[in-house]
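K.L.:
how would this look folded up:
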Amino acid sequence: MKKKLFSVLLAMTMVLSLVACGAKKGPAKDGISVCLASEPATLDPALQSAVDCGIVINHLFAGLATWEEGANGESVLAPDCITEFTEGVENPDGTVTYTYTLRDGLTWSDGKAVTAGDFVFAWNRAASPATAADYGYMFDVIDGYDAMWADDAKGDEALNVQAPDDKTLVVTLKNQVPYWNELMAFPTYKPVREDVVANEAWATEPKTMICNGAYTIESWEHNSYLTLRKRDDYVDAAKVTMPAINFYLSDDVNNDLANFKNGDWQFIDDVPTNEIPALKKDYPDEFVITGNVGTYYLCWNVNEDLLPNSDLEGTEKALAEAEIRKAVNLLVDRNYIVEDVSQGGQVPASSFVAMGLTDADGTEFYKNAGNNDYTGYFDVSKEAYEKTWEEAKEVLKKYYTFDEASGKFTDMPSLVYLYNTNEGHKAIAEAIQSNFAQMGINMSLENQEWATFLETRKNGDFSVARNGWLGDYNDPISFLDMWTTVSGNNDVQLGKGDNETVKAYSIDLTDLGYDTKVENGTWAETYDVVISDIKTCTDPKTRYALMHKAEDLLMSTGTICPIYYYTDLYMIDDSVDGFFTTPLGFKYFMYCTINK
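P.N.:
Numbers count the residues shown, from 1 in each chain. Purely as a prediction, here's the structure:
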C-alpha cells in the first residue's frame with residue numbers, strides 16, 4: 001500500500017509540474033541529444049527498476065564503484081567514490097567485513113560534502129520494508145538484512161553498514177559474495193541524502209534533485225526532454241568531456257529515427273523493426289548490433305484463472321495450470337520472431353538465464369539448463385516446431401474441448417496481452433497472437449505508456465505481458481533472485497496474492513548436501529529457500545548446481561515464456577567519439593565529444 005501511494009503522489013506531482021514548468025529553458029545547444037525511452041518511471045536510485053532510468057541515474061549519481069571502458073573496448077569495473085577496492089576480512093562467524101575510504105573532494109550538487117553516512121542512510125532506505133523498493137532484495141547479501149525483513153521485526157533493524165567517520169565506510173556481508181564489487185556499481189547502491197529525500201517528490205524536479213554525480217538536472221519538460229548539465233565542481237570534472245546531455249523522452253520509434261536521420265539527435269536506443277534491413281545497408285557504421293546479457297520473454301500472472309469451469313482446486317489446479325502455461329508457451333514460433341519480426345540478430349531462447357553467463361566449469365550456463373537432449377527447457381530448433389506444436393495440443397486436450405474439423409480448441413479462456421507502446425513490441429505481440437489463434441486461443445492486445453505499463457505489470461493487473469530482463473551483474477543469480485516472494489521485480493506474482501498459500505512446488509537439495517526436500521510446498525518454502533542457500537553458499541560448484549535447480553523450479557511453473565536472447569540495437573552518429581556501453585545495457589555519454 002505504501003509503495004502504491006507513493007506512485008500516486010509522484011504522478012500527481014508530475015502532472016502539477018507540467019503546469020508550472022512552462023518558463024523553463026529549452027534543451028542545451030552545447031550538448032549531445034539522445035533518446036533512450038519515454039518519461040522515466042523514477043529517478044530515485046532506490047526505486048528505479050528499468051535500464052533507461054538506471055542510465056540517467058548513472059550520470060546523476062556516483063556510487064562506490066563504476067564501469068569504465070577498457071583499452072580494448074571491454075567493460076572494466078573501477079573504484080568511484082572510494083580510493084580503492086579492498087579485500088574483505090573474514091570474521092570468526094563467517095561474515096566478511098570490507099572497509100572503504102571515501103575520496104577527497106566528493107560533494108553534492110548543492111555544495112555539501114558527501115559522507116560515508118550518506119551511503120549508510122541510502123542503503124538502509126533502499127533495503128527497508130517501509131520503502132518496498134523493487135530492488136530491495138539486492139541488499140540481502142549484507143549482514144542485518146534478514147533481521148530487517150523478519151516477521152517479528154520492530155522496524156528499527158538495520159544493515160550492518162557503519163560510518164565511524166565521514167570518510168570511512170565499513171560493510172559486513174553475510175559471507176563471501178563473488179559479485180560484490182559489481183553490486184556497488186549498480187544504480188540502487190547510489191547514495192542519497194536524508195534531508196533531500198524527506199521531500200517525497202524530490203526526484204521529480206530540477207530544483208529538488210540533489211545529486212552527487214557528474215551531472216545535475218538543468219531542465220525537465222516532462223514527457224518531452226530531460227537536460228543534464230555537467231557539474232564543474234564534480235570531483236572528476238576534468239574527465240567529463242560532454243558539457244550537457246539532452247535525454248529526449250519518446251516511445252515513437254519512427255519519430256526517433258526521423259530525428260536521427262535529420263541530425264537533430266545523435267543517439268537513439270531503438271529503431272523500427274521494418275527499417276532494420278535498410279539501416280544495415282544505408283548506415284553500416286552508425287547502426288550497431290552488439291551483445292547483451294538479457295532475455296526477452298512473455299510472462300504469465302500465476303493468479304490468472306485458466307480453468308474457470310473446472311472442479312480442480314488447490315495443488316491439483318495449480319499443477320494443471322502450470323502444465324497449460326508450459327503447453328501454450330510451446331506455440332510461440334521463436335524462429336519466425338527473430339528472423340522476420342525483430343531481425344536484430346537475436347537468438348531463440350529456451351531458458352530464462354541468458355546466454356553469455358558462465359557456469360562453474362567455464363561453459364555457458366544456459367547450455368547446461370534443463371537436463372534434456374536439447375539445450376534448455378524446450379527445443380527451439382526450426383525442425384522441432386511442428387513436433388512441439390503437437391505436444392502442446394495433446395496436453396491442452398486434457399483440459400479443453402478440441403474441434404477436429406477446425407483444428408482448434410473451442411472453450412479456452414480469452415487472454416489479454418499487455419505491452420508498452422512500441423512498434424517492435426507490438427509486432428512481436430501480433431506474431432504471438434497469430435500463433436495462439438491457430439490453436440483457438442483468443443488473445444487481445446493492450447498497450448500502455450512505459451511508466452503506467454511498469455506499474456500495471458508490477459501490481460499483477462494483467463493476464464500475460466511482454467517482459468525483458470538484462471543481467472544486473474555478471475552472475476546467473478541476477479536472473480533468479482528476482483522471483484523470490486518479497487521481490488518487487490516478481491511481476492508474475494509467484495508466492496503473492498492467491499498464490500501465497502498454494503502448495504504446488506517441490507525441491508530436493510539433498511544430493512548437494514542440504515537437508516531441504518519439499519514436495520508440494522509453497523513458493524516461500526521452496527524457491528525462497530534455494531535462493532537463500534545460493535546466497536550463502538561459498539563453494540562455486542555447489543552454488544552453480546543450486547542455481548540450476550532454482551531455474552528448474554522457476555521454469556516448471558510455466559509463468560516464464562522465453563522468446564529470445566537480447567542483442568543491443570542502437571544508432572549513434574559517426575561524429576560522436578567516446579561513447580561506450582556495457583553488456584548489461586548501461587550506456588555512458590559523459591566522455592563523449594562531437595566532432596563536426
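K.L.:
for burial, what's the neighbour tally of residue 467?
P.N.:
Residue 467 is flanked by 19 other residues according to other C-beta atoms under 10 Å. C-beta here means a position set from N, CA and C on the backbone, and glycine is covered the same way.
K.L.:
repeat for residue 567
P.N.:
Neighbours around residue 567, by other C-beta under 10 Å: 18.
K.L.:
skip the chain neighbours and tell me the closest residue to it.
P.N.:
residue 345 (4.7 Å; C-beta to C-beta, 6 or more residues apart in numbering).
K.L.:
for the stretch 51-200 of the chain, what spans make up the helices?
P.N.:
Taking DSSP state H, counting those that start in this stretch as the criterion, the stretch 51-200 of the chain carries its helices at 51-60, 116-127, 145-148, 180-183, 194-197.
K.L.:
so what touches the second one?
P.N.:
Defining contact as C-beta atoms under 8 Å, 6 or more residues apart in numbering, one finds that helix 116-127 is touched by 45-46, 64, 102, 131, 133, 135-136, 138-140, 142, 145, 148, 158-159, 161-169, 188-194, 197, 212.
K.L.:
so how far is that helix from its chain's centroid?
P.N.:
Mean-position distance between helix 116-127 and its chain equals 22 Å (C-alpha atoms, centre = their mean, to the nearest Å).
K.L.:
again with the first one
P.N.:
In terms of C-alpha atoms, centre = their mean, the centre of helix 51-60 is found 13 Å from the chain centre.
K.L.:
that one - contacts with which helices or strands?
P.N.:
strand 215-221, strand 225-230, strand 587-588 (3 or more C-beta pairs under 8 Å, 6 or more residues apart in numbering; DSSP states H and E).
K.L.:
in its sheet, which strands sit next to the second one, and in what direction?
P.N.:
Looking back up the chat, that one is strand 225-230. Strand pairing for strand 225-230, determined by DSSP bridges: strand 215-221 (antiparallel), strand 244-248 (antiparallel).
K.L.:
now do whatever helix or strand comes next after the shortest one: distance to the chain's middle.
P.N.:
Spelled out, that is strand 244-248. Next helix or strand after strand 244-248 toward the C-terminus (DSSP states H and E): helix 253-261. From the chain centre to the centre of helix 253-261 is a distance of 26 Å (C-alpha atoms, centre = their mean).
K.L.:
what mean pLDDT does helix 253-261 have?
P.N.:
Mean pLDDT, computed over helix 253-261, is 97.
K.L.:
then stretch 353-361?
P.N.:
96.
K.L.:
just stretch 464-482 next, same as before
P.N.:
Across stretch 464-482, the per-residue pLDDT values average to 96.
K.L.:
buried stuff in that stretch?
P.N.:
Using 16 or more other C-beta atoms under 10 Å as the test for burial, stretch 464-482 gives 464-482.
K.L.:
just the ones of those residues in helices?
P.N.:
477-480 (DSSP state H).
K.L.:
nearest to residue 110, of the residues you listed?
P.N.:
residue 478 (33.9 Å; C-beta to C-beta).
K.L.:
wait, isn't the closest one in contact with residue 489?
P.N.:
No - Residue 478 lies out of contact with residue 489 (C-beta atoms under 8 Å); the separation is 10.4 Å.
K.L.:
so how far is residue 353 from the most centrally placed residue in the chain?
P.N.:
Geometric centre of the chain, nearest residue: residue 469, 4.6 Å, by C-alpha atoms, centre = their mean. For residue 469, the distance to residue 353 equals 10 Å [C-beta to C-beta, to the nearest Å].
K.L.:
so what sits against both of these two?
P.N.:
Joint contacts of residue 469 and residue 353 (C-beta under 8 Å, 6+ apart) are 295, 479.
K.L.:
and stretch 513-528, average pLDDT?
P.N.:
Taken as a whole, stretch 513-528 has a mean pLDDT of 97.
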